[in-house]
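Novice: Let's see this in three dimensions:
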Amino acid sequence: MTSRLNPYLNFNGNARQALEFYKDVFGGSLNVNTFADFGNTGPDGDRIMHGQLETELGYTIMAADNYSEAPDVVPAGFAVSLSGDDGDALRGYFEKLSADGAVTMPMAKQAWGDEFGMCTDKYGVPWLVNVSQPQ
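Specialist: As a prediction, the model looks like this:
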């Protein structure tokens with residue numbers, strides 16, 4: 001059996017919009033299920049109980065909404081990291097992820113020799129992007 005590690009992000013009612021945004025950034029196939037799909041027809045029925053984006057490159061991003069009565073979730077203490085040697089693709093992801101968000105460190109050559117940048121997307125999720133030098 002194989003295992004994998006991927007981010008599972010929580011949102012305050014906008015998981016669908018965030019996942020659709022990530023689909024626009026990375027491409028792939030998006031599958032979402034609402035709470036109503038599993039029988040909860042109450043006020044949170046249209047919120048996302050589980051969403052999953054699978055990309056052609058093997059990236060997986062999962063997400064869900066909190067119940068409306070739960071305290072708001074503010075992403076903190078983590079970042080989603082993208083790294084590799086396809087500089088054009090990674091720089092493109094960085095541009096799309098930071099659009100309508102905030103660049104906290106512009107993409108630039110770093111002391112370790114790679115190009116690196118940090119941003120927070122418009123949904124409050126922090127991203128690290130590292131373009132490694134060809135070996």
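Novice: what element comes up after the helix or strand in which A63 is found heading to the C-terminus?
Specialist: Assigned by DSSP states H and E, A63 falls within strand 60-65. Remark: after strand 60-65, the chain's next helix or strand is strand 80-84, criterion DSSP H and E.
Novice: How far off centre is that following strand?
Specialist: Offset of strand 80-84 from its chain centre (Cα atoms, centre = their mean, to the nearest Å): 11 Å.
Novice: how far off strand 60-65 does that strand point, in degrees?
Specialist: Here the directions of strand 80-84 and strand 60-65 differ by 170 degrees (axes from the mean of the first three to the mean of the last three Cα atoms, to 10 degrees).
Novice: Tell me the buried residues in the very next helix or strand once past strand 80-84?
Specialist: Going down the chain from strand 80-84, the next helix or strand is helix 87-98, by DSSP H and E. Using 16 or more other Cβ atoms under 10 Å as the test for burial, helix 87-98 gives L90, Y93, F94, K96, L97, S98. For glycine as for every other residue, the C-beta is placed from the backbone atoms N, C-alpha and C.
Novice: what's the domain layout of the chain?
Specialist: 8-65, 80-131 (automatic domain parsing).
Novice: hang on, Y22 is in a helix, isn't it?
Specialist: Yes - assessed by DSSP: H, G, I helix; E, B strand; the rest coil, Y22 belongs to a helix.
Novice: Please verify my assumption that it contacts G51.
Specialist: No - the pair Y22 / G51 is not scored as a contact, 9.5 Å apart, by Cβ atoms under 8 Å.
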